[in-house]
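Let's see this in three dimensions:
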Amino acid sequence: AILDAARSDRSDPDGTLSASLEELGIDVRYVNKIMHHKFMVIDGREQERLSPEKARVFTSSGNFSYSAGMRFDENTLIIEGNADVGGSFQREFTLMWNNSRDFEYGDVPLYAPITSVAEGELPDDPRFEMCFTSDNFDLKTTSYGPTFSVVSGRNTVADRIVELIEGANSSILVASGHLRSRPISEAILAKHAEDPNVDIRIYLDGQEYISNWYYYHLVEEREACLVEAGESASKKQSCLDKGFYYSYAMHEAGIPVRFKHYAYRWHYSYAPQMHHKYIVIDGETVASGSYNLSDNAEHNTLENLVIYQIDQLAEDFTANFERMWETGHAEGLYEELLQEVHAGQGEIPLVYDSMALTWD
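Below you'll find the model as predicted:
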């Protein structure tokens, strides 16, 4: 198991999940970047041989947690018996494992992964395309151990999503907890400007809502950052890519945006989050995985995005999007909330049932 939590668990391991797994004889490791994948490869190995054609791959937007399983909006894909998918995810796991650091708790036999199947040896199934942010990193060995080191200018996953957006003919449905990626956001805005008839709709978690004032405050901060960056290309890139919320820019451009809203003040401890990370293009193509639409996901975390060309899957994701788009509308939850506010003698409910609200 490669666990993000193992990085912090090792400082005080007793009673942690990482230690509990090692007590069972399961080798636990961690990497130097945020390990944001949520996937498992099951039965992809027989004795001393990889068998990707027999693997079951479980890949999800959701963390392996109670909230993801019971409270949040999430999706999970299970792909069985596909050597292209099984081999690609096995290769990603092996890459991380061979460049990980040992949790080192108790007497655990060290797991030695078999060298992954070479990419050219896997069948190319056109229904699946696997994208990994690990392609944005170089590998180095330091005194602390193996290290994933980001390479400036690589935007492997964002570039592929931009290509999908630019190639859309009729519709782009975005369901994402975040919308903070400059190249992806600019591609959406450009597509809308190029052809306003394309049905572009964006459904975000409530934490992505920002006011008109705060949006222009971010614009001013970015402009000041660019001035301070001077002639440094890397500093300018940092100013442009990080810490910017694009939801208001979409709203201002006339693109329909709704937020899953459930609290006057957002806080993770009580938020039933809209945690999906998927895009449906033209009702035919689905891009989904662990990848948030942000620069942080592209350059600070290890992520996956799978692009699916499967009609039934596209129908299922579209139906899911349409249900979320109308959250709380049939029940009249917004009207009920306003009545409660006006009748509450100055008391305003801070947390309420989830509803899909426009910016207004």
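
so residue 67 sits in a helix?
Yes. Under DSSP: H, G, I helix; E, B strand; the rest coil, residue 67 sits within a helix.

what number of residues lie near it?
By the measure other CB atoms under 10 Å, the count of residues near residue 67 is 16. C-beta coordinates here come from the backbone N, C-alpha and C atoms, glycine included.

next one: residue 109
Residue 109 has 8 neighbours, counted by other CB under 10 Å.

swap in residue 210?
Residue 210: 18 surrounding residues under other CB under 10 Å.

My guess is it contacts residue 246. True?
No. Using CB atoms under 8 Å, residue 210 is not in contact with residue 246; the gap is 9.5 Å.

Can you name the residues that contact the closest residue to residue 171 other than its chain neighbours?
Setting aside the residues directly before and after it, residue 171 is nearest to residue 199 in space (CB to CB, 6 or more residues apart in numbering), at 4.1 Å. Contact analysis of residue 199 by CB atoms under 8 Å, 6 or more residues apart in numbering lists 170, 171, 172, 173.

Tell me who's in contact with the last one.
Translated: residue 173. 199, 201, 203, 279, 280, 317, 318, 321.

Take those and, keeping just the buried ones, write it as a ChimeraX select command.
Applying 16 or more other CB atoms under 10 Å to the contacts of residue 173, the buried members can be selected in ChimeraX as follows:
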select :201,203,279,280,317,318,321
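
Could you export the contacts of residue 173 as TSV, including pLDDT?
Shown next, in TSV, are the contacts of residue 173 (pLDDT from 0 to 100):
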residue	pLDDT
199	98
201	98
203	98
279	98
280	98
317	98
318	98
321	98
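
So of the contacts of residue 173, which two are at opposite extremes in space?
Across the contacts of residue 173, the longest distance by CB to CB is 14.7 Å; it joins 199 and 317.

Would you map the helices across this structure?
6-9, 17-23, 66-70, 83-98, 156-166, 182-194, 212-229, 233-241, 247-252, 295-299, 311-325, 333-343 (DSSP state H).

Does residue 329 touch residue 355 like I think?
Yes. Counting by CB under 8 Å, residue 329 does reach residue 355; the two are 7.4 Å apart.

Comparing these two, which residue is more hemmed in?
Remark: of residue 329 and residue 355, residue 355 carries more neighbours, 21 against 14, as counted by other CB under 10 Å.

Who are the contact partners of the residue nearest to that one when sequence neighbours are not counted?
In this structure, residue 355 finds its nearest non-sequential neighbour in residue 328, 3.1 Å apart by CB to CB, 6+ apart. Applying CB under 8 Å, 6+ apart, we find residue 328 in contact with 334, 353, 354, 355, 356.

Closest one to residue 112 out of the residues you listed, please.
Nearest to residue 112 among the contacts of residue 328, with distances taken as CB to CB, is residue 354, at 46.4 Å.
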